[in-house]
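Student: build me a structure from this.
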Amino acid sequence: MNPAPVKILVVDDDDLLRDFYCRVLKTEGYDPVTAINGDEAVEVLDREPDLKLAVIDLLMPIRTGWELIEFIKHHPRYATMPIIAITGLAASFDEFEKVRQICDAVLHKSDFELNAFLRIVENLVKR
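Tutor: All right, here's what the predicted structure looks like:
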């Protein structure tokens, strides 16, 4: 019997990017679960207790990626879940360092590299 695929939360308000991440993850054998904003992601977290990783866009309406990451890191049930933050903004050095300290990886949309993304995902779900 094959083990169940690893569930990964993908949160992005951009339909095309969210769908792209999901297709890539499915191709690699993962089970992506999606949300279009931080509030919806909180609902998904409540419904899906066995999520192993979160891929979160930082800039979203309603509840931002920053706010979602803070929620995850301060919630006892999710605090140890690895997070990949994805941003399209050119953040200041201080902002970038803040994200790097909180998240397990930070990727920029402008120089997104598929193989690097997949290596990071693989390494984080193995932890």
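Student: so who does residue 86 touch?
Tutor: Taking C-beta atoms under 8 Å, 6 or more residues apart in numbering, we find residue 86 in contact with 12, 55-58, 65, 106-109, 112. Quick note: C-beta positions are derived from backbone N, CA and C, even for glycine.
Student: those residues in helices, which ones?
Tutor: residue 65 (DSSP state H).
Student: for this structure, which segments count as helices?
Tutor: Using DSSP H, the helices assigned to the chain run over residues 15-27, 38-47, 65-74, 93-102, 114-126.
Student: of all those helices, which one comes closest to residue 84?
Tutor: helix 114-126 (6.2 Å; C-beta to C-beta).
Student: centre of the chain to that closest one, how far?
Tutor: Put simply, helix 114-126 sits 12 Å off its chain's centre (C-alpha atoms, centre = their mean, to the nearest Å).
Student: list the buried ones in it?
Tutor: 117, 120-121, 124 (16 or more other C-beta atoms under 10 Å).
Student: for that helix, packing partners?
Tutor: Where contact means 3 or more C-beta pairs under 8 Å, 6 or more residues apart in numbering; DSSP states H and E, helix 114-126 is packed against helix 15-27, strand 51-57, strand 83-87, strand 105-108.
Student: gap between residue 99 and residue 112?
Tutor: Remark: distance between residue 99 and residue 112 (C-beta to C-beta, to the nearest Å) = 16 Å.
Student: more neighbours, the two?
Tutor: A direct count of neighbours by other C-beta atoms under 10 Å for residue 99 and residue 112 places residue 99 higher, at 18 against 14.
Student: these two touch, right, the more buried one and residue 106?
Tutor: Yes. Contact status for residue 99 versus residue 106: in contact at 5.1 Å, counting by C-beta atoms under 8 Å.
Student: tell me who's in contact with the spatially most central residue of the chain.
Tutor: For the chain, residue 55 is the residue whose C-alpha lies nearest the centre (C-alpha atoms, centre = their mean; 1.0 Å). By C-beta under 8 Å, 6+ apart, residue 55 lies in contact with 8-12, 21, 83-84, 86, 121.
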